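**Student:** Coordinates only, no sequence provided:
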Ligand code: SF4
Ligand code: MG
C-alpha cells in the first residue's frame, strides 16, 4: 500500500464542546489506484485528508489517535522538517477553490516554476520552460503566452487545470483532490475530471478523490469509501457499489443521483440531517435517518463487517448489510 490510514481519530475543540470529526477511519490506496472518498459535508472526508497532508497539526484540530503510513513510514512520527519534505515532493493536494489557493500577485509561470526552483534547484529560465511544458500537459492553449498571465486572467476550469499542474509538477506518488470540480460548470467538471483521471493513469500515482457527488466518480475510481459521522460506513470496488450497495446510507446516496431516464420525477433525498459531531447518536450514527433501522441499531455500534459471499473485498458498517445488499 502506498497510503494506509489506520484507526485515525481527529477532534476539534470549540467553545461549545469537542466535535468528533474523525472516529476511527481506516483506508488504503495502492500506487496507481484511485480511491473515491464520498460523504456529505461534515462527514470527516476533508479532515482525514488534511490529517494525511499534515495541514491539520494546529489547534483547534487535533489528531488523538491512529497511524498514517505513507510508503511504510508513519507520518505522525516524522519530524516537522521531514514531514514538510514529504508534503512538498511526494504528496500533493488539489483544492476546490483554485483562486484562493493560487497567489494572486504572481504569474502562473512564476508559481509553477517556483516548484522546480525550490525542490529541484533549477535556474529560473529552465523552471519557466518546465512551467510551459506543464501547462501544455494540462492542455491550456497558448501556454507559451499565457505563462505570463495571473490567476484572475484564467477561467475557473483553466485555473483548476493550473492547480492540477502544480500538484503534478514534482510527480508525487500520491495526490489528494478535495472536491476538485465542485465549483465548476457541469460540462467543465467532466473535462477536468477526465484530465485528472488521464494524468493519474499516465503518472501511475495514487489518487484520493474526495467528493460529495457519487455521480462524478463512477468512471474514474477503482474503489469507493463512504463516510458518515467521521467513520467509513462502506468500502468496496466502485462497480460493486453501483450494482448493489451494502449500506443503507450508500443506497440513499445512489438513489439521489439525477438520472436521465427519471426526468421530471422528484429526486429522492435522504431524510433528515447529518448528526451534530458534538453529539453523535449512540449505536449506529445513521439510525435516526435509516429506513432499515431496528432496536439493535439504537444501542449497538456496528463494526465494519466483512461483506461475505462476493469475490471482492467489501466492507459495511451495517448490522443488516445482507438485507440491504439483497433488498
Ligand atoms: Fe441502518 Fe441499522 Fe444498518 Fe445503521 S446498522 S445503517 S441503522 S440498518
Ligand atoms: Mg470538504
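**Tutor:** Arrived safely, thanks for sending. None of these values were measured; they are calculated from a predicted model. Numbering: from 1, shown residues only. Ligands and ions are numbered 1, 2, ... in the order given.
**Student:** in the stretch 151-300 of the chain, which spans are helices?
**Tutor:** Along the stretch 151-300 of the chain, the stretches classed as helices by DSSP state H, counting those that start in this stretch are 156-168, 186-203, 238-243, 248-255, 295-299.
**Student:** now the angle from the first one to helix 186-203?
**Tutor:** Computed by axes from the mean of the first three to the mean of the last three C-alpha atoms, to 10 degrees, the angle separating helix 156-168 from helix 186-203 equals 20 degrees.
**Student:** What is helix 156-168 packed up against?
**Tutor:** Packing partners of helix 156-168 (3 or more C-beta pairs under 8 Å, 6 or more residues apart in numbering; DSSP states H and E): strand 91-94, helix 98-101, helix 108-120, helix 124-137, strand 174-178, helix 186-203. Quick note: C-beta positions are derived from backbone N, CA and C, even for glycine.
**Student:** got it, and the third one?
**Tutor:** The criterion is 3+ C-beta pairs under 8 Å, 6+ apart, and the helices and strands that helix 238-243 contacts are strand 223-228, helix 248-255.
**Student:** circling back: quick one: which of the helices and strands packed on helix 156-168 is nearest residue 247?
**Tutor:** Nearest of these to residue 247, taken as C-beta to C-beta: strand 174-178 at 22.7 Å.
**Student:** want to try TSV for the helices of the stretch 151-300 of the chain, with mean pLDDT, mean neighbour count and distance to residue 122 as columns?
**Tutor:** Output for these, formatted as TSV (pLDDT from 0 to 100; neighbours: other C-beta atoms under 10 Å; distance: least, C-beta to C-beta, whole Å):
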stretch	mean pLDDT	mean neighbour count	distance to residue 122
helix 156-168	94	23	15
helix 186-203	91	16	20
helix 238-243	92	18	39
helix 248-255	92	22	45
helix 295-299	98	14	58
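**Student:** Pipe those helices into JSON lines and attach distance to residue 209 per row.
**Tutor:** Putting the helices of the stretch 151-300 of the chain into JSON lines (distance: least, C-beta to C-beta, whole Å) gives the following:
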{"stretch": "helix 156-168", "distance to residue 209": "12"}
{"stretch": "helix 186-203", "distance to residue 209": "8"}
{"stretch": "helix 238-243", "distance to residue 209": "11"}
{"stretch": "helix 248-255", "distance to residue 209": "15"}
{"stretch": "helix 295-299", "distance to residue 209": "30"}
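**Student:** Please identify which of the ones you listed is closest to ligand 1.
**Tutor:** The closest of the helices of the stretch 151-300 of the chain to ligand 1 is helix 295-299. By C-beta to the nearest ligand atom, the value is 3.1 Å.
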